[in-house]
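Participant: Turn this into a model:
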Amino acid sequence: MLRKFKISIDGQEYLVEMEEIGGVPQPTAPVAPAAPVAPAAPAPEAPTPTPVASAPAGADAITAPMPGAILKVLVNVGDAVSENQPVMILEAMKMENEIVAQHAGTVTGIHAAPGDNVNPGDPLITIA
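Facilitator: So this is what the prediction gives:
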C-alpha cells in the first residue's frame, strides 16, 4: 500500500510516497500503453584487435621473473633490440618493472599482450 508523507528538511517541504512493506500493493492509475518501438539495427561489430604475430615460445624466450600483469609491450616482432633495452613493462605489487633484452638481436616472438596476467617462468618475448 502506498502511503504519502510530507517531510520538511531545512525548511523545504517534500511530498514523498512510500510503499508499506508487507502490505498489499494497490493498483495505480492505468497508464496509456507506450507506442511500440522498432527494434534497433544491430550495432556493427567492433573490429577485433589484430593478434600479436609471433612464433611459438622456445627455451630461449625471456620469461616473467614474477607474477604480474603486462602493462605495455615496447617492441614489435621484427624490431632490432640492443642488450638491456626495455622491451616490456610488467606490473607486480603495484610497481612497474622493466623487462629488458638479455642480448642484442631481433624480436622473433611476443608471447604476452597488454592486460595479460603472467606467472613466474611464463614466456614473454623471444629475441634471436
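Participant: What residues of stretch 102-117 count as buried?
Facilitator: By 16 or more other CB atoms under 10 Å, the buried positions in stretch 102-117 come out as 105, 107-112. Heads up, the C-betas are built off the backbone N, CA and C, glycines and all.
Participant: Kindly report the same for stretch 5-21.
Facilitator: Buried residues in stretch 5-21, defined by neighbour count with 16+ other CB under 10 Å: none.
Participant: Now do it: distance from first to last residue.
Facilitator: 15 Å (CA to CA, to the nearest Å).
Participant: ok, the buried residues of stretch 102-117 vs M66, which is closest?
Facilitator: A112 (13.4 Å; CB to CB).
Participant: gap between T106 and M88?
Facilitator: Plainly put, T106 is 16 Å away from M88 if you go by CB to CB, to the nearest Å.
Participant: Then A59?
Facilitator: When distance is defined by CB to CB, A59 is 19 Å away from M88.
Participant: Which one of the two is surrounded by more residues?
Facilitator: Taking other CB atoms under 10 Å, A59 and M88 do not tie; M88 has more neighbours (23 against 7).
Participant: which element is that one on?
Facilitator: Here M88, judged by DSSP states H and E, is contained in strand 86-92.
Participant: Any buried residues in that strand, and which?
Facilitator: 87-90.
Participant: Report the contact partners of the residue lying closest to E96 once chain neighbours are set aside.
Facilitator: Spatial nearest neighbour of E96, excluding adjacent residues (CB to CB, 6 or more residues apart in numbering): I89 at 5.4 Å. Contact analysis of I89 by CB atoms under 8 Å, 6 or more residues apart in numbering lists 70-72, 74, 96-99.
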